[in-house]
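[1] Structure for this input, please:
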Amino acid sequence: MRWATSGDHTAYRLTIVGGMAADVPEARSESDLPIKAVYAAGDLEGFDADSQLGHPGQFPYTRGVYPNMYTGRPWTMRQYAGFGTAKESNERYHELVANGTGGLSVAFDLPTQMGYDSDEAIASGEVGKVGVAIDSIDDMRTLFGGLPLGDLSTSMTINAPAATLLLMYQLVAEENGADASRLAGTIQNDVLKEYIARGTYIYPPKESLRLISDIFAYCHKELPRWNTISISGYHMAEAGATPAQEIAFTLANAKEYVRAAQAAGLDVDDFAPRLSFFFVARTTLLEEVAKFRAARRIWARVMRDEFGAKNPKSQMLRFHTQTAGVQLTAQQPEVNLVRVALQGLGAVLGGTQSLHTNSFDEAIALPTQKAARLALRTQQVIAYETDVTKTVDPFAGSYVVESMTDDVEAAALDLIQAVEDRGGAVAAIEQGFQKSEIERSAYLRARPHPGRRGPRGSGRRDRAGLPEVRDRALGLPHRPRDRQQGAHRRRPQPVRPRRGGALRAAARRPADRARPARAARRAAGRARQRRRRGGPRGGPRGGEGHRQPALPDARGAAAAGHRRRGQPRAARRLGPLRPA
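    As a prediction, this is how the structure comes out:
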């Protein structure tokens, strides 16, 4: 095997197959880093296991933040849920708890995330759509009614109004007898990523940072077990960020939060132990494991060397993981079960502290109860029916994973330095740096590349013979839906009378144009009367294509009446049965 380069500088492996040389495109990772076909000891030349790995639970925490990791108990299985009303969401929470989830994760609708009441005009059409609507403490009481908040860990995906929602939660928990000093959970409270990838911000960046620092100080005194922020790379990854960009921009935002808290007079070891992070888990398992390990190593050194943190907990990067929603497909949704299982496994092998596994039908609609239960069972199978929890950091010392960890770390450090060169995360956001980098990555990933594979079952052809379907916006073949619509247009269509003629005629009369609602009601009433008499809707009675079948005698008429009584009420209103 040897290497060659094409005219466009794409690297190829010349592999001897059956006595002939075959061009095999060089494999590339999601971060556009090369992946070798074979890794060996030479790829770890100069690798110092003591300084780059250490032991689990010890600096630089590459192998995990706790000495025993999952050998004592598994990660927190935290399923994300929230939709419609507080009562509907409460019912889903009770079901999840009954099936063994150890933590809740609350999704709020967009009006709540933006600080609007549900009856605001601007909230019309969005209430309860992508999460639960919370307008008052009464809604919060309903949302968590009957749940043991003192024993559960609750995460709330809320950012700009985080202070208000957190106080509501604390008051409801105390009303139910929970001790505030023992409450466990997380608020996302990460506004900087909203400017980069999501958009649900209310205040300018500097004022948002001051509010976040106030929450740090409040929770240090009142809610010592509460994670005051979940610094998120997940949303940037869903917007198109590569794994290296995901951890680089997330850690750059984290540095900005630490600086803001220190500027407000807080000691780093007072608030840093309660900082947490939120990452995605893709199906590219090896690079994802490397990403998580690299992020821990970078953060430990940043906190010790740049901010002078002395408490080991201040140097630990603890994170929640959610499987990649952007990789779910509406076509062949059952394949998503396999994707989610692989993504969850990657998060566990990477050392996550809590995990949400997506339901297989989320690309179509809100998860059904069965799908949500299967998502939780996926985690339970990984935890209790495999041996990955029997030992800490199974990939430690692996040629490929250690090499990929170093590569991702180097790429992320370059990006963090690029942010620092622009004056830090806030200044870089104002210049549009992170957003433009993510958009560029998303565009490049959407283009076909010989060394990168797409999702199976979404249409692209694979070795199992799945049909090829690409995005028409890029000048590629049509979706199956387009082909189905074309087949429908080619199918012979029955001749039908024009419908709604009375309504259109009424709308053309000047007097009725001034009173369209009354005209519509009258026309609809006349159409209903014709249907009761057996005529077609909106056309003359006995029109072409709707002829009444001849009944030979009274027995035939009685039989027709019997069949008609067996029809649904709506069908009976349309008149006697007609031939197909």
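
[2] which stretches of the stretch 301-450 of the chain form strands?
    Taking DSSP state E, counting those that start in this stretch as the criterion, the stretch 301-450 of the chain carries its strands at 319-323, 354-356.

[3] ah, wrong one, I meant the stretch 1-150 of the chain
    Assigned strands in the stretch 1-150 of the chain, in chain order: 2-5, 11-17, 20-25, 27-28, 34-35, 76-81, 103-107 (criterion: DSSP E, counting those that start in this stretch).

[4] hmm, back to that, quick one: the strands of the stretch 301-450 of the chain as a markdown table, columns for distance to Lys313 and mean neighbour count too.
    C-beta: built from backbone N, CA, C; applies to glycine. As requested, the strands of the stretch 301-450 of the chain are exported to a markdown table (distance: least, Cβ to Cβ, whole Å; neighbours: other Cβ atoms under 10 Å):
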| stretch | distance to Lys313 | mean neighbour count |
| --- | --- | --- |
| strand 319-323 | 14 | 27 |
| strand 354-356 | 17 | 26 |
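
[5] Next, format these as TSV and append mean pLDDT.
    Below are the strands of the stretch 301-450 of the chain laid out as TSV (pLDDT from 0 to 100):
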stretch	mean pLDDT
strand 319-323	97
strand 354-356	95
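
[6] out of those strands, nearest to Ala81?
    Across the strands of the stretch 301-450 of the chain, Ala81 has its closest neighbour in strand 354-356 (9.3 Å, Cβ to Cβ).

[7] Residues contacting the closest one, please?
    Residues from elsewhere that reach strand 354-356 (Cβ atoms under 8 Å, 6 or more residues apart in numbering): 75-80, 103, 105, 153, 155, 281, 320-323, 344, 347-348, 379.

[8] Which one of the strands of the stretch 301-450 of the chain lies nearest to Val191?
    It's strand 319-323; of the strands of the stretch 301-450 of the chain, that one is closest to Val191 (Cβ to Cβ) at 17.8 Å.

[9] and that closest one, which strands flank it?
    Strand 319-323 has the following strand partners under DSSP bridges: strand 275-281 (parallel), strand 354-356 (parallel).

[10] and the residue lying closest to Leu147 once chain neighbours are set aside, how many neighbours?
    Spatially, and ignoring its direct neighbours in sequence, Leu147 is nearest to Tyr93 (6.1 Å; Cβ to Cβ, 6 or more residues apart in numbering). For Tyr93, the neighbour count with other Cβ atoms under 10 Å is 24.

[11] close enough to count as contact, Tyr93 and Ala81?
    Yes - judged on Cβ atoms under 8 Å, Tyr93 makes contact with Ala81 at a distance of 6.5 Å.

[12] low-confidence ranges in this protein?
    Along the chain, the model assigns pLDDT under 70 to residues 1-24, 449-525, 527-580.

[13] tell me the domain ranges of it?
    Following automatic domain parsing, the chain resolves into domains at 2-28, 48-446.

[14] just so I know, which of the strands paired with strand 319-323 lies nearest Lys193?
    Taking Cβ to Cβ, strand 275-281 is the member of these nearest to Lys193, at 9.2 Å.

[15] tally of neighbours for Asn358?
    Asn358 sits with 27 neighbouring residues when counted by other Cβ under 10 Å.

[16] What residues are bridge-paired with the closest residue to it other than its chain neighbours?
    Distances taken as Cβ to Cβ, 6+ apart place Thr323 nearest to Asn358, at 4.8 Å, with adjacent residues excluded. Beta-bridge partners of Thr323, counted by DSSP bridges, are Ala281.

[17] sorry, back to before: hmm, which of the contacts of strand 354-356 are the buried ones?
    By neighbour count, with 16 or more other Cβ atoms under 10 Å, the contacts of strand 354-356 hold 75-80, 103, 105, 153, 155, 281, 320-323, 344, 347-348, 379 as buried.

[18] in the lengthiest helix in the chain, what counts as buried?
    Ranked by number of residues, the top helix in the chain under DSSP state H is helix 399-421. Under the neighbour-count criterion of 16+ other Cβ under 10 Å, helix 399-421 has 399-409, 411-413, 415-416, 418-419 buried.

[19] Next, count neighbours for Thr71.
    Neighbour tally, Thr71, other Cβ under 10 Å: 13.

[20] Sorry, slip of the keys, the one I care about is Ala365.
    Here the number of neighbours of Ala365 (other Cβ under 10 Å) works out to 10.

[21] what's the distance between it and Val400?
    Plainly put, Ala365 is 39 Å away from Val400 if you go by Cβ to Cβ, to the nearest Å.

[22] do the same with Gly265
    46 Å.

[23] How about Ser359?
    Counting by Cβ to Cβ, the gap from Ser359 to Val400 is 31 Å.

[24] Could you do Val280 as well?
    For Val280, the distance to Val400 equals 21 Å [Cβ to Cβ].

[25] can you check Arg440 too?
    28 Å.

[26] cool, and Ile202?
    Noted for Ile202: a distance of 45 Å to Val400, by Cβ to Cβ.

[27] packing partners for the longest helix of the chain?
    Using 3 or more Cβ pairs under 8 Å, 6 or more residues apart in numbering; DSSP states H and E, the elements in contact with helix 399-421 are helix 243-263, helix 285-301, helix 425-431, helix 433-446.

[28] if we can go back for a sec, residues contacting the residue nearest to Leu147?
    Tyr93 neighbours (Cβ under 8 Å, 6+ apart): 81, 104, 143-144, 147.
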